[in-house]
Every structure is written in structure tokens, then in C-alpha cells.
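> Would you be able to build a 3D model of this:
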Amino acid sequence: MSDQPVHLSASGPPETVLPQIAPELRARFTVALSAPDSGRRAAVCKVVADNPTFLEGWANIGDLSEPGIDAYMAYRVGYHRGLDTLRANSWRGSGYVRWAHETNRGFLRCLAGLAKQSRLIGETSEAVRCEQFLIQLDPTGDAARSLDM
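Below is the predicted model:
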């Protein structure tokens, strides 16, 4: 038993909103996304290699990857980078990370992509955990609906 008090709030669990990315990074990323199809993934990978905590970048690498293990790897790295970013922004393992906040979408896209690709490669238990986590983070279902889950 802990001697630490438990603070309850009428507003429910805390909500984490990730910070905006730097305008220079947004500009580089926009240029990378406008690259021709044949070089778009490589251009996005270059931006992410220079900014490995850029969650929206990881989500896009997953989106631009071949379905299966290639996409799974990108989403998984983005998911773990996202957990680190959430913790660095006061998230303590519970509370909301809502789709309504645009800055949270890179992480939520990585989590949803990880769920989808896990199912595709036969990692059903991981897919279920990710799907449940997504709903826990945003019980409105906006993230799941927005990502066709």
C-alpha cells in the first residue's frame, strides 16, 4: 500500500497533446511528400533520418512501404518513438491522446498502422493490443474511424 494520495478529477483522465513540429521540418517534409512516386519514400526516409523523433514521418514511411513486414517495421519504430515522445510530454502511461489534436495524429497513425500490419503478418495478439490501446487513448473512436480500422 502506498502512502501517496490519489488525486481524482471530475474531468476524467489527463489528456496529452504533443507539440507542433518546427516550421523548417514541416517545409522539408512537404517537399519530400511532393517527390515523384518513385522517390517519395526515399525522400521521406531522408527527412526522418535527420529527425528520428518525427512521428508523422514514421507514419508516412509506413504508409509508403510494402504491406507486411516492411510497413510493420516502420510503424513499430514510430510507435516506440511515439511512446518516448508522449512520456517526454507528461504522459504517464494512462490518459487520453486524442485524434482531435492534429499533433497527436502521427503517433496514432503509427499505432493504427502497427495494428493493421500486425494482423497482416499473423501477430494477432499484438494487433488486438494495439486496437485496444487506440480506443483507450481516444475513446471517441475518431482515430480508429479516421484510419479505417
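> Isn't residue 62 up against residue 113?
Yes - with contact defined as C-beta atoms under 8 Å, residue 62 reaches residue 113; the gap is 4.4 Å. The C-beta positions use only the backbone N, C-alpha and C, and glycine is treated the same way.
> intersection of neighbour lists for the two?
Residues touching both residue 62 and residue 113 (C-beta atoms under 8 Å, 6 or more residues apart in numbering) are 71, 74, 75, 78.
> out of the residues you listed, who has the most neighbours?
Neighbour counts for these were taken using other C-beta atoms under 10 Å; the highest belongs to residue 78, with 30 neighbours.
> What's the first helix or strand after the helix or strand hosting it?
Using DSSP states H and E, residue 78 falls within helix 69-88. Toward the C-terminus, helix 69-88 is succeeded by helix 105-120 as the next helix or strand (DSSP H and E).
> Run the chain-centre distance for that following helix.
On the basis of C-alpha atoms, centre = their mean, to the nearest Å, the separation between the geometric centre of helix 105-120 and that of its chain is 7 Å.
> I figured residue 19 was touching residue 89, is that so?
Yes - at 6.8 Å, residue 19 counts as touching residue 89 under the criterion of C-beta under 8 Å.
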